[in-house]
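Trainee: need coordinates for the below:
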Amino acid sequence: ANGSAQHEASSRLPFGKIAPRCPIGSAYKPNDKVNVRAKTVISYGDVELDLAGLEQIASLSQTNALSLSLQRVATIGTGSAMLTDVLASMNSTLDKDGLDSLSPGQFHGGLARPRLYEIAGAVNRLRRDGNMCQKR
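Mentor: Here you go, the predicted structure:
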């Protein structure tokens, strides 16, 4: 009973301000080394992205689109635009121009649209020095 009283008291405490994160595009450049190895694994430059925790990925086609989405962050992420704004911009472009906008000038044909949650999850799993800055 005493433990639950402590939990209730701590749940009423304010969490604090969350600093917005801003992707730095240059950190998302994979140096032409991108390989979708499985539905839940992307080799992205020198990083292996484990997407197993993104349970809504239904097909390899979505993982292919995720790898291209990460590469688009390299062109959209300026270091001053918040991650939510980068994702909103990408979503707007996908709504307007379709999946082929992820790889302009190429017809891929093997892509399925992931949700923004999966794109954000992939961004969060890319651990590289200097890939995010925080606004205060």
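Trainee: so how far is stretch 102-118 off the chain centroid?
Mentor: 14 Å (Cα atoms, centre = their mean, to the nearest Å).
Trainee: give me the pLDDT for the closest residue to residue 86 other than its chain neighbours.
Mentor: Spatially, and ignoring its direct neighbours in sequence, residue 86 is nearest to residue 76 (4.9 Å; Cβ to Cβ, 6 or more residues apart in numbering). Any C-beta I mention is one placed from the backbone N, CA and C, and that applies to glycine too. Looking at residue 76, its pLDDT is 83.
Trainee: please apply the same query to residue 9.
Mentor: Looking at residue 9, its pLDDT reads 59.
Trainee: does the residue nearest to residue 86 touch residue 83 like I think?
Mentor: No. With contact defined as Cβ atoms under 8 Å, residue 76 does not reach residue 83; the gap is 10.2 Å.
Trainee: quickly list what's touching both of these two.
Mentor: Contact with both residue 76 and residue 83 is made by residues residue 23, according to Cβ atoms under 8 Å, 6 or more residues apart in numbering.
Trainee: and stretch 20-28, which residues are buried?
Mentor: Going by neighbour count (16 or more other Cβ atoms under 10 Å), the buried part of stretch 20-28 is 21, 22, 23, 24, 25, 27, 28.
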